[in-house]
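Undergrad: need a structure here:
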Amino acid sequence: MIHRRLTTIAPRSGAAEPAFGGLYVHIPFCARKCPYCAFWSRGDQDLPVRREWFAALRREWARRRDTEPGLASWRPATIFFGGGTPTFLEPGELDELCGWIRATFDLSGLVEWSVEANPGTLTPQKAAILRHHGVTRLSLGVQSLNPHALATLGRIHGPDEARAAVAIARDADFPHLGADWMYGLPGLPETAARHDLETLAALPGLDHLSCYALEVEPGTPFAHRRVRTDDRLQRRLYEFARRALRAAGFSHYELSNFARPGAECRHNLLYWSGGAYLGLGPAAASHWHGVRSANSRDLVRWRRAFSESLPPAQKACETLVFGLRRLPGWTRAEFAAATGGFDWTTLRGPEIAALVRNRLLVETSSRLRLSTRALFVSDSVFRALI
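TA: Model (predicted):
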């Protein structure tokens, strides 16, 4: 099948309000479950199960559209396909899923459509299908270009497949192309890890990098094997990444994320600024009209697992913490607008003052942000503020 690229998305008439918020679709399938991964997904599910999942996805949207406020005429500003591995789907399935999105939602205000992809499952045909339907950002789960690191992580691809995936995405002409890098892996020398990042950052076409320290999550095979990480090594590599990527032209805009100018992920910025988003699919989370909710981890019969509406002050504290993940932090005006009028001094004045004295926060008359020394230990700051 030959796909012609769609350069515009035709607007629908009679839109009730401007586009806002994001749509997240969870695609819970992988070719193989990685031993470090704590995200909910299932390995190598056959086509009948995937068909049931897609039918359940459509049912969930129909139910929520008819019962939740503002969804009947909603125009999302961003879309994100996550997983799992969206590119585990066969070309026809990807085509059908993207076609359903286009037929079901008013995309006339869409500014970004992101899809996660695995180098081991991305093909030129799949890339062409995604680009044809209007996907603007591909995020490749490269993790490393070092063969030892990839073997340690249990990835299904090698360095050559990772480079080939970057070339496939570049040839498909996605406006934005990102990659993940994982650091602090046991058995990988620091010099090799540094070289790995420099090599990845130099690949032509990449304008976004997400850098994640290996975390051994409870319940994962890594936890069962009692894999150990070195905090001091991870901190050195984090600081190296900040220096190396800045020198390569990337801006550090969120704790783990770096982008060339204009390439920041707008969908993820919604998460970090208290924005609204709707999650469809098993284990997907939503933040809609101030209510947080998440679906259960059932492959084709998921339901709402929890829903909570926090008291205003507690909600404002949560928003404060999420926004401090961004390197610029908050201005007073931005924070007041995002929280319905709260001021951080009234909300958490003594705690903020103590963190400023300990040089973990930087406060001016109009702005609050993490200090440089707090970036790698931000969790301790966030605990104090929550």
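
Undergrad: for the stretch 251-386 of the chain, what spans make up the helices?
TA: 266-272, 312-324, 332-339, 344-357, 378-385 (DSSP state H, counting those that start in this stretch).

Undergrad: Could you check how far residue 89 is from residue 169?
TA: From residue 89 over to residue 169 the distance is 17 Å, taken as CB to CB, to the nearest Å. Placement of C-beta: from N, CA and C, glycine included.

Undergrad: Neighbour count for those two, which is higher?
TA: residue 169 (27 against 23; other CB atoms under 10 Å).

Undergrad: May I have the strand or helix carrying that one as CSV, with CA atoms only?
TA: Here residue 169, judged by DSSP states H and E, is contained in helix 159-171. Coordinates of each C-alpha in helix 159-171 appear next as CSV, following Å, rounded to 0.1, in the frame of the first residue of the first chain:
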residue,chain,number,x,y,z
PRO,A,159,23.0,-0.9,17.6
ASP,A,160,22.6,-1.4,13.8
GLU,A,161,18.8,-1.7,14.1
ALA,A,162,18.7,1.5,16.2
ARG,A,163,20.7,3.5,13.7
ALA,A,164,18.5,2.0,10.9
ALA,A,165,15.3,3.1,12.8
VAL,A,166,16.6,6.7,13.1
ALA,A,167,17.2,6.7,9.3
ILE,A,168,13.8,5.2,8.6
ALA,A,169,12.1,8.0,10.7
ARG,A,170,14.3,10.7,9.1
ASP,A,171,13.4,9.5,5.6
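
Undergrad: Tell me which strands the following helix or strand past it pairs with, and in which orientation.
TA: Next along the chain after helix 159-171, taking DSSP H and E as the criterion, comes strand 176-183. Strand 176-183 has its sheet partners listed here by DSSP bridges as strand 137-143 (parallel), strand 208-213 (parallel).

Undergrad: tell me the most buried of these?
TA: Ranked by mean neighbour count, those are led by strand 137-143 with a mean of 27 (mean count of other CB atoms under 10 Å).

Undergrad: Kindly export that one (C-alpha atoms) in PDB.
TA: Only the C-alpha atoms of strand 137-143 are listed here, as PDB (Å, rounded to 0.1, in the frame of the first residue of the first chain):
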ATOM      1  CA  ARG A 137       6.700  13.300  16.400                       C
ATOM      2  CA  LEU A 138       8.300   9.900  16.600                       C
ATOM      3  CA  SER A 139       9.900   8.800  19.900                       C
ATOM      4  CA  LEU A 140      12.400   5.900  19.500                       C
ATOM      5  CA  GLY A 141      13.100   3.700  22.500                       C
ATOM      6  CA  VAL A 142      16.800   3.400  21.500                       C
ATOM      7  CA  GLN A 143      18.100   3.200  25.100                       C
END
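
Undergrad: just the CA coordinates of the helix or strand following it, formatted as CSV?
TA: Proceeding N to C from strand 137-143, the next assigned helix or strand is helix 147-153, under DSSP H and E. C-alpha atoms of helix 147-153 as CSV (Å, rounded to 0.1, in the frame of the first residue of the first chain):
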residue,chain,number,x,y,z
PRO,A,147,25.7,-3.8,22.4
HIS,A,148,26.6,-4.7,26.0
ALA,A,149,24.0,-2.2,27.3
LEU,A,150,21.3,-3.4,25.0
ALA,A,151,21.9,-7.0,26.0
THR,A,152,21.8,-6.0,29.7
LEU,A,153,18.5,-4.3,29.1
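
Undergrad: what's the average pLDDT for helix 147-153?
TA: In this model, helix 147-153 has a mean pLDDT of 94.

Undergrad: Same check on stretch 39-59?
TA: The predicted model assigns stretch 39-59 a mean pLDDT of 90.

Undergrad: What separation do you get for the spatially most central residue of the chain and residue 303?
TA: The C-alpha lying nearest the average C-alpha coordinate of the chain belongs to residue 268 (CA atoms, centre = their mean; 5.5 Å). Distance of residue 268 to residue 303, given as CB to CB: 26 Å.

Undergrad: returning to what we had before: what is the helix holding residue 169 packed up against?
TA: Using 3 or more CB pairs under 8 Å, 6 or more residues apart in numbering; DSSP states H and E, the elements in contact with helix 159-171 are helix 124-132, strand 137-143, helix 147-153, strand 176-183.
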